[in-house]
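Participant: Okay, sequence plus prediction incoming.
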Amino acid sequence: MPRRPENLYPQYHAHLYFGPETVAQARRIAEQAGRELLVVVGRVHEKLVGPHPHWSCQIAFDAAEFDEVIAWLEAHREGLDVFVHGLTGDDYQDHTAHAMWLGNESTLDLRMFSRPPG
């Protein structure tokens, strides 16, 4: 069972995941989020970017907006999966220990991040 989002960190990224058949849907959701919420919407990437195993669009927000943003994403994601993580300055931990999901969990490609010693 994927870990559900919890408000534990000062800032967050939510990554809306989609593919070729759902890119128009993702664009519409991202544009609507940008209009209706206090968030910063990044580019809609129609390719793999960073550790993400699917095409994605980043939505940035802070802890004060967390409850509203997560509730909105849950209500408006239309079956798309959303990866949510805190921003702590430790990219590896942010994408592992701090990983939370709306929908299905995906395996990230973590090779780009420094791993903890040991």
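Facilitator: In hand now; what should we look at? In this text the structure is predicted, and so the values were computed from the model without any measurement.

Participant: all contacts plus neighbour counts: C-alpha atoms, from now on.
Facilitator: Fine.

Participant: Hmm, residue 9 is touching residue 61, no?
Facilitator: No: counting by Cα atoms under 8 Å, residue 9 sits too far from residue 61 to count as a contact (10.8 Å).

Participant: out of the two, which sits in the busier spot?
Facilitator: A direct count of neighbours by other Cα atoms under 10 Å for residue 9 and residue 61 places residue 61 higher, at 20 against 14.

Participant: What residues does the nearest residue to the more buried one once chain neighbours are set aside make contact with?
Facilitator: Leaving aside its sequence neighbours, residue 61 sits nearest to residue 39 (Cα to Cα, 6 or more residues apart in numbering; 5.0 Å). Applying Cα atoms under 8 Å, 6 or more residues apart in numbering, we find residue 39 in contact with 33, 59-61.

Participant: Give me the distance between residue 39 and residue 23.
Facilitator: 20 Å (Cα to Cα, to the nearest Å).

Participant: what's the answer for residue 69, then?
Facilitator: Distance, residue 69 to residue 23, by Cα to Cα: 21 Å.

Participant: repeat for residue 16
Facilitator: Noted for residue 16: a distance of 10 Å to residue 23, by Cα to Cα.

Participant: can you give me the strands for this structure?
Facilitator: 11-18, 40-45, 55-62, 82-86, 99-102 (DSSP state E).

Participant: Deepest in the core, which of these is it.
Facilitator: Among the strands of the chain, the stretch with the highest mean neighbour count (mean count of other Cα atoms under 10 Å) is strand 82-86, at a mean of 26.

Participant: Which neighbours in the sheet does that strand have, and how are they oriented?
Facilitator: According to DSSP bridges, strand 82-86 forms sheet pairs with strand 11-18 (antiparallel), strand 99-102 (antiparallel).
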